[in-house]
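> Okay, structure incoming, though there's no sequence with it:
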Ligand SMILES: [Fe+2]
């Protein structure tokens, strides 16, 4: 995150003695990124964070890439498959490449263990449901529409309030999610033209450090390998922390869309970027106001970026047959665009009511066998009149 945040008790100066009420030292941990050159946080633990009583490897996650998938467009439905489980083990993978992996999940229970994604940062979109993300940085309540960023190596749990109809989308990234440079001034503050404001971000709230001792199970995900670490103390044993590295959330409904006299391309809807892809938010907005404007997008060959749209709610102006939970993948190098009748229908339209997420990757993105199970096979031929 681009902003400094501080919770709980911390010493006046880093790397100095800081005593717990029982007279023993807090254990200071520096959590740093990009070596010592990126954002970082200093945490003050009741216990040494390095303690483990047993380390065991669990069965690997299966390779689910659909290796025979053709080079073509895909439309698939992420509400069809349901895997029972919590925020982690209910995930169903749909798209991946060497830098990111996209899942959808419908959590049906809360976890009795802790989780750490060791190799990846996570973006979690709450499509339906509410609850709280607990981490060693504190508690972060979430509601539908929230987009939570969980930095690589954060120990956390997601607890849902109920299990009627939860739905989340998760995108793992091997590089951090960052606020685009052109939204920030030289001091890091969001400029007036940015589509969101500092006050829109939800920050972790202080949680009393847990002093419990016993057997605490942490599942550590390292790519497709899962390791079970047993820790002799509660992992949320932080008395205080400060820095720039922590989980945070931003709700899609707080995104201020920009519009133009004629059609503006997706970078105008940018939310975050990583080194290998961008994320955009599409929100309800007035359409282009030139008297001859065509609000629907033109046909587009994105020669080096794969384009993915996750449909959240509303009417989708350029696509037939999609609804909430639908995903379209338009691979790089192949033209995509409005289906027959959609361009004409958009002329003269004044407003769009759509909410959608966009993921554009700078390398090919591969579908999994879960796409094969849930796709509309007629989609690649849906431009025939
Ligand atoms: Fe495009």
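Looks like it came in fine. Given the structure is predicted, the values throughout are model-derived calculations rather than measurements. Residues are numbered from 1 along each chain as shown.
> does residue 377 sit in a helix, a strand or a coil?
Three-state call for residue 377 (DSSP: H, G, I helix; E, B strand; the rest coil): coil.
> what about it, how many residues close to it?
Residue 377 has 9 neighbours, counted by other CB atoms under 10 Å. The way it works is simple: take the backbone N, C-alpha and C, and place the C-beta from them, glycine included.
> now residue 75
By other CB under 10 Å, the residues close to residue 75 number 24.
> Which residue comes closest to it once chain neighbours are left out?
residue 379 (3.8 Å; CB to CB, 6 or more residues apart in numbering).
> Quick one, grab the pLDDT at that neighbour.
On pLDDT, residue 379 comes in at 95.
> Kindly report the same for residue 317.
Residue 317 is given a pLDDT of 65.
> For the residue nearest to residue 193 when sequence neighbours are not counted, give me its contacts.
Among residues not flanking residue 193 along the chain, residue 183 sits closest, at 7.8 Å (CB to CB, 6+ apart). Neighbour list for residue 183: 190-191, 193-195 [criterion: CB atoms under 8 Å, 6 or more residues apart in numbering].
> ok, now how distant is residue 183 from residue 198?
Taking CB to CB, to the nearest Å as the measure, residue 183 falls 11 Å from residue 198.
> what's the distance between residue 251 and the ion?
Distance of residue 251 to the ion, given as CB to the ion, to the nearest Å: 25 Å.
> Just to check, that residue is in contact with residue 146?
Yes. Using CB atoms under 8 Å, residue 251 makes contact with residue 146 at a distance of 5.1 Å.
> any common contacting residues for the two?
By CB under 8 Å, 6+ apart, the residues touching both residue 251 and residue 146 are residue 202.
> neighbour count winner among those two?
Set residue 251 next to residue 146 and count neighbours by other CB under 10 Å: residue 146 wins out with 24 against 18.
> can you give me phi and psi for the more buried one?
Dihedral pair for residue 146: phi -70, psi 140, per degrees, to the nearest 10.
> Quick one: residues contacting the closest residue to the ion within the stretch 151-300 of the chain.
When scored by CB to the ion, the stretch 151-300 of the chain has residue 300 as its residue closest to the ion, at 3.7 Å. With contact set as CB under 8 Å, 6+ apart, residue 300 has these partners: 335-337.
> ok, so of those, who is nearest the ion?
Nearest to the ion among the contacts of residue 300, with distances taken as CB to the ion, is residue 336, at 5.8 Å.
> about what we covered before: shared neighbours of residue 183 and residue 198, anything?
residue 190.
> And for the residue nearest the centre of the chain, nearest residue in space, chain neighbours not counted?
The C-alpha lying nearest the average C-alpha coordinate of the chain belongs to residue 123 (CA atoms, centre = their mean; 1.3 Å). In this structure, residue 123 finds its nearest non-sequential neighbour in residue 171, 4.4 Å apart by CB to CB, 6+ apart.
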